[in-house]
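S.K.: Sequence first, then the predicted structure:
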Amino acid sequence: MLQEIYCRTANEPGYNPNQLVTNSALEAFLSKVKMILFTRKGDVLGDYDLGVDLESLLFTFNFDSNAIKDAINFQVGKYCPEQINYKFDVDVNFVPGTVRDIAYIDIYIDGSKYLGIIVK
């Protein structure tokens with residue numbers, strides 16, 4: 001049976017402080033999505049295309065929320081074959097900040113919010 005390290009943090013919905021491992025396919029999928037979101041392109045030896053590189057992508061002037069959604073969907077589609085088992089959706093919103101805009105990225109799986117990321 002599949003076992004993965006439990007990777008949710010205390011500020012995520014559904015967090016269980018007593019859990020160290022999980023055998024849930026959904027949790028494994030979420031772990032892969034997080035890895036993709038927080039990995040910079042070029043950081044993984046052997047596959048220099050892996051990763052969204054959120055911070056660089058978000059603060060490039062020629063990208064908008066649709067381009068960011070497309071980049072995330074492309075990476076998840078390419079590196080997470082189990083995506084076909086779920087309805088995966090991304091929502092990106094920008095809020096003006098004092099120094100630069102703040103991006104809110106929400107990940108929905110089967111209509112429920114599973115991950116929320118704030119990039120400042």
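M.R.: Everything's here; your move.

S.K.: can you pull the contacts of the residue nearest to residue 102 when sequence neighbours are not counted?
M.R.: Nearest non-adjacent residue to residue 102, counting by CB to CB, 6 or more residues apart in numbering: residue 95, 4.7 Å away. Where you see a C-beta, it was placed from the backbone N, CA and C, and this is true even at glycine. When contacts are counted by CB atoms under 8 Å, 6 or more residues apart in numbering, residue 95 touches 101-104.

S.K.: Swap in 10 Å and give it another go.
M.R.: 101-104, 118, 120 (CB atoms under 10 Å, 6 or more residues apart in numbering).

S.K.: Also residue 79?
M.R.: 32-33, 35-36, 39, 47, 49-51.

S.K.: Counting neighbours, which of the residues you listed end up buried?
M.R.: 32-33, 35-36, 39, 50-51 (16 or more other CB atoms under 10 Å).

S.K.: Just say helix, strand or coil for residue 27.
M.R.: When classified by DSSP: H, G, I helix; E, B strand; the rest coil, residue 27 comes out as helix.

S.K.: Surely it touches residue 19?
M.R.: Yes. Look at residue 27 against residue 19 with CB atoms under 10 Å: they come within range, at 9.1 Å.
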